[in-house]
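**Q** Sequence first, predicted coordinates after that:
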Amino acid sequence: MSQSFGKNLKITIFGSSHQEYMGVVMDNMKIGFEIDMEKLNNFMQRRAPGKSKFTTKRKESDKINFISGVRDNKIISKTITAIIKNENYKSKDYENLNDIPRPSHADYTSFIKYGNDMDMNGGGPFSGRLTAPFCLAGGIAKQILEEKNIKISSRIKNIGGIEDKNIDLANPPMDELEKISQKEILVLDEKKEKEIRNLLEEVKKDGDSIGGICQVFGENIPKGLGDPLFDSFEAKISYLSYGIPALRAVSFGLGLDAMKMKGSQHNDQFEIKNGQVKTITNNAGGVVGGITNGMPVVFDLIFKPTPSISICQKSFSIKEKKEKILQIKGRHDPCLALRTPPIGESILALTLLDLLND
Ligand SMILES: C=C(O[C@@H]1CC(C(=O)O)=C[C@@H](OP(=O)(O)O)[C@H]1O)C(=O)O
């Protein structure tokens, strides 16, 4: 079991959703870097629970407390540790789930592997709550990359099949995305936003949930990151992505649409612009042969619907080995994808910083 990742920048996430604290250790940090705390807190708040009617009712301040390596917001040692207090957990809601696993949640696979001793309250180590310390690390990484003029942004591309407007992947509207980054439903097209809102109202009323896609963009990404065969840039992004609960798929550039296209439509043809080698289109999402080519990096994170829904479902009792009907209590997101944009940005920031710390 691993809650650590990275080679040149080592990150360890600890704690869980219903323990008193959770947090992150970041190793091999840049001494002297001054963290913009206001910016970091704003970044954390984009993910935080309890902020909108379409997210969990659990309210957490997600206040950051550096317990080592940071003084007056400045990094003063190679290793820094930060904790976040869990202020509003209700473990009672999870009592029946130790015996009756939620369909499509990790309850059952965790039981198969670890038995009953794993703390599974609030989803234990499988909880989306652990994306808070992940974003804490990602928010700092993003600030360090900004000093190198690397920009990262994101949007919600699709909820339940309702797709935001098309973006030119060779020229993503980074400033526009940055301006709307605090939106509840981070889409560009207002008409689509209304449609998504109506869908979410309906899903919520039914006690159901819905999936979605978060799209991540990186600009001014250095050329030449990633190696064949198994250290490709896509593999590194995917490795972190699959550490995020509820992720079902990752795709780069046009992703699955590529299978419907001819080479003459899909190939990104070259042009020389102001003496720089560019591609006219960016269907590859900035990565070819597993190596970044200097075009914007663009990838999609496809999330399943939140498995915890209040509609009655068929399950079984682990103790009795008998089928049971399960009704889940608790405060769950009708659409967890809505809160994933800062998580997607963190995946890109932490992957890049790990590669650039070489
Ligand atoms: C608290 C957060 O989300 C939680 C993620 C989560 C899960 O199973 O992933 C289940 C819920 O936790 P609880 O049942 O304790 O309310 C969400 O509220 C968060 O993201 O910060």
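**A** Structure's in. What do you need? Just so it is clear, the structure is predicted and the values come from calculations on it, not from any experiment.

**Q** Going by C-alpha atoms from here, please, whenever you check contacts or count neighbours.
**A** Noted.

**Q** got the contact list for the residue in the stretch 251-358 of the chain positioned nearest to the ligand?
**A** Among the residues of the stretch 251-358 of the chain, residue 331 lies closest to the ligand, at 4.6 Å counting by C-alpha to the nearest ligand atom. Residue 331 sits next to 56-58 when contact means C-alpha atoms under 8 Å, 6 or more residues apart in numbering.

**Q** same thing with residue 51?
**A** By C-alpha under 8 Å, 6+ apart, the contact set of residue 51 is 57, 59.

**Q** Over to it. Which of the three states is it?
**A** Secondary structure of residue 51, reduced to three states by DSSP: H, G, I helix; E, B strand; the rest coil: coil.

**Q** mind checking how far it is from residue 60?
**A** 9 Å (C-alpha to C-alpha, to the nearest Å).

**Q** Flag the shaky bits of the chain, pLDDT-wise.
**A** Residues of the chain meeting the criterion pLDDT under 70: 1, 358.

**Q** Can you tell me the closest non-neighbouring residue to residue 54?
**A** residue 334 (6.2 Å; C-alpha to C-alpha, 6 or more residues apart in numbering).

**Q** what secondary structure does residue 117 sit in?
**A** State at residue 117, reduced to three classes by three-state DSSP: coil.

**Q** Begin at 55, not 1, for the rest of this chat.
**A** In the new numbering, first residue 55, that becomes residue 171.

**Q** what separates it from residue 152, distance-wise?
**A** 10 Å.

**Q** and if you look at residue 159?
**A** Counting by C-alpha to C-alpha - residue 159 and residue 152 are separated by 12 Å.

**Q** ok, now residue 280?
**A** For residue 280 relative to residue 152 (C-alpha to C-alpha), the value is 42 Å.

**Q** Could I get the contacting residues of residue 106?
**A** By C-alpha under 8 Å, 6+ apart, residue 106 lies in contact with residue 238.

**Q** beta partners of the residue nearest to residue 120 when sequence neighbours are not counted?
**A** Leaving aside its sequence neighbours, residue 120 sits nearest to residue 136 (C-alpha to C-alpha, 6+ apart; 4.1 Å). Residue 136 has these beta-bridge partners by DSSP bridges: residue 78, residue 120.

**Q** Compute the number of surrounding residues for residue 283.
**A** 9 (other C-alpha atoms under 10 Å).

**Q** how close does it sit to the ligand?
**A** 33 Å (C-alpha to the nearest ligand atom, to the nearest Å).

**Q** which ones are touching that residue?
**A** Counting by C-alpha under 8 Å, 6+ apart, residue 283 makes contact with residue 344.

**Q** For it, what are phi and psi?
**A** Per-residue torsions, residue 283: phi -90, psi -40 (degrees, to the nearest 10).

**Q** again, but for residue 354
**A** Per-residue torsions, residue 354: phi -110, psi 140 (degrees, to the nearest 10).

**Q** For burial, what's the neighbour tally of it?
**A** Residue 354: 24 surrounding residues under other C-alpha under 10 Å.

**Q** which stretch of helix or strand covers the spatially closest residue to it that is not a sequence neighbour?
**A** What sits nearest to residue 354 in space, not counting adjacent residues and going by C-alpha to C-alpha, 6+ apart, is residue 269, at 4.4 Å. If you go by DSSP states H and E, residue 269 is part of strand 266-273.
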